[in-house]
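**Q** Just to be clear, the model below is a prediction. Sequence and coordinates:
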Amino acid sequence: MLPFARLTIIGLGLIGSSVARGVRAQMPAVRITGHDADPAVRKRAVALGICDDVTDTSGAAVLDADLVILCVPVGAMGAVAAEFAADLPADAIVSDVGSCKQSVAEALSAVLPDAIIIPAHPVAGTEKSGPDAGFSTLFKGRWCILTPPENAPEVAIERLRIFWQQLGADVELMDARHHDMVLAVTSHLPHLIAYTIVGTADDLEGVTQSEVIKYSAGGFRDFTRIAASDPVMWRDVFLSNKDAVLEMLQRFSEDLSALQRAIRYGKGDELESLFARTRNIRRSIVEQGQDDDAPDFGRKH
Ligand SMILES: NC(=O)c1ccc[n+]([C@@H]2O[C@H](COP(=O)([O-])OP(=O)(O)OC[C@H]3O[C@@H](n4cnc5c(N)ncnc54)[C@H](O)[C@@H]3O)[C@@H](O)[C@H]2O)c1
Ligand SMILES: O=C(O)C(=O)C[C@]1(C(=O)O)C=C[C@@H](O)C=C1
């Protein structure tokens, strides 16, 4: 028994096109209608054949949907929902894939006060963007976190759980505030640091007239892969999850300052002890998933 029959995806980029491809592969009987604000993306989605229909407006896309998934930047969620609100079937479930959850829940409930809203976050992705970057197995062995509001019907939550399980994800339910705090550490702060260190390296090129970026090796390249991620997406993530990001950034800055002092005063034992502890933590993460070099690193199984 399929959890849904008529899926609408709004935003046909990396995540939206991966959802479409995953549904095509795992739930081929589900009818997929897509919309994207960018005409070039709509045209590409038609050429790729990842949707049964691609509409010019979001309102036309939701007309007979029983599940609508918003796959747009978190800062656009409210505006998109306002566009299709009048056309949304009363029994449709509205969900999303946004990287932060409190702000999305607030934005959607403000414009869809009577809708069934169950925010979700597939913790899976890449640094790439657009419909050609998606793939059907993106969510395989990854977490998908649902953050249902208190009034969400249990049967609706279960249908969405089954949907994401069919795409290969392991599903957890979580409080939205807790989600935003956890992801601020495990996802948002790493991106902020990667963006920063690439900027610093580039600035140093000018100051020292040296070829800093040119001589970057595996460490710099591994560490900064995510600095190639979409600027609009991450602008919205940092502004939407500001409080949690700033709290985690403060903690990180304090820890970095402690390291700075240890280096300045030659506290080698302190440095070595921290590095041994953090190396063991990193090794345990890899043991949970696959080797760093495998394409499916970080999967649970
Ligand atoms: N990239 C990742 O690794 C990743 C992982 C998990 C969740 N997410 C979340 O998924 C969402 C989409 O990210 P993505 O990586 O697929 O980005 P993307 O840039 O690949 O795709 C976003 C698409 O949304 C479209 N869009 C933007 N504003 C729109 C609007 N108002 N109406 C209709 N379409 C609009 C864009 O044209 C684009 O095609 C974001 O909320 C992001 O936080 C991303
Ligand atoms: O693997 C990557 O490139 C990602 O950045 C994916 C990643 C992350 O791990 O931080 C990014 C944003 C999400 O909301 C979820 C996952």
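**A** Received it, and whenever you're ready, just let me know what you need. Residues are numbered from 1 along each chain as shown. Ligands and ions are numbered 1, 2, ... in the order given.
**Q** Report whether the host helix or strand of residue 171 contacts ligand 2.
**A** Assigned by DSSP states H and E, residue 171 belongs to strand 170-173. No: judged by C-beta under 6 Å from any ligand atom, strand 170-173 and ligand 2 are separated, with a smallest distance of 14.0 Å. In short, each C-beta sits where N, CA and C put it, glycine included.
**Q** What strands line up against that strand, and which way round?
**A** Within its sheet, and counting by DSSP bridges, strand 170-173 is paired with strand 143-146 (parallel).
**Q** on contacts alone, who are the packing partners of the helix or strand containing residue 245?
**A** Using DSSP H and E, residue 245 falls within helix 242-264. Contact here means 3 or more C-beta pairs under 8 Å, 6 or more residues apart in numbering; DSSP states H and E; on that basis helix 242-264 packs against helix 176-183, helix 189-208, helix 268-288.
**Q** What's the mean pLDDT across the shortest one?
**A** Here helix 176-183 scores 98 as its mean pLDDT.
**Q** Tell me what angle it forms with helix 242-264.
**A** Interaxial angle, helix 176-183 versus helix 242-264 (axes from the mean of the first three to the mean of the last three C-alpha atoms, to 10 degrees): 30 degrees.
**Q** So is the helix or strand where residue 18 lies next to ligand 1?
**A** Assigned by DSSP H and E, residue 18 belongs to helix 14-26. Yes: for helix 14-26, a contact with ligand 1 is found by C-beta under 6 Å from any ligand atom, at 14, 15, 16.
**Q** from the middle of its chain, how far away would the helix holding residue 245 be?
**A** Its chain's C-alpha centre and that of helix 242-264 lie 24 Å apart, by C-alpha atoms, centre = their mean, to the nearest Å.
**Q** ditto for stretch 142-154
**A** Here stretch 142-154 shows a centroid-to-chain-centroid distance of 16 Å under the convention C-alpha atoms, centre = their mean.
**Q** circling back to that earlier point, so what touches the strand holding residue 171?
**A** Applying C-beta atoms under 8 Å, 6 or more residues apart in numbering, the contact partners of strand 170-173 are 141-148, 157, 161, 164-165, 300.
**Q** Out of the residues you listed, which comes closest to ligand 2?
**A** The nearest member of the contacts of strand 170-173 to ligand 2, counting by C-beta to the nearest ligand atom, is residue 142 at 8.4 Å.
**Q** Give me the spatial nearest neighbour of the closest one, chain neighbours excluded.
**A** Nearest in space to residue 142, with sequence neighbours left out and distances taken as C-beta to C-beta, 6 or more residues apart in numbering, is residue 124 at 3.8 Å.
**Q** what's the answer for residue 96, then?
**A** Residue 96 sits nearest to residue 70 (C-beta to C-beta, 6+ apart), 4.1 Å away.
**Q** coming back round to it: can you redo the contacts of strand 170-173 as JSON lines with distance to residue 202 and pLDDT?
**A** Below are the contacts of strand 170-173 laid out as JSON lines (distance: C-beta to C-beta, whole Å; pLDDT from 0 to 100):
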{"residue": "141", "distance to residue 202": "35", "pLDDT": "96"}
{"residue": "142", "distance to residue 202": "32", "pLDDT": "97"}
{"residue": "143", "distance to residue 202": "34", "pLDDT": "98"}
{"residue": "144", "distance to residue 202": "36", "pLDDT": "98"}
{"residue": "145", "distance to residue 202": "34", "pLDDT": "98"}
{"residue": "146", "distance to residue 202": "39", "pLDDT": "98"}
{"residue": "147", "distance to residue 202": "37", "pLDDT": "98"}
{"residue": "148", "distance to residue 202": "43", "pLDDT": "98"}
{"residue": "157", "distance to residue 202": "46", "pLDDT": "98"}
{"residue": "161", "distance to residue 202": "44", "pLDDT": "98"}
{"residue": "164", "distance to residue 202": "39", "pLDDT": "98"}
{"residue": "165", "distance to residue 202": "43", "pLDDT": "98"}
{"residue": "300", "distance to residue 202": "36", "pLDDT": "47"}
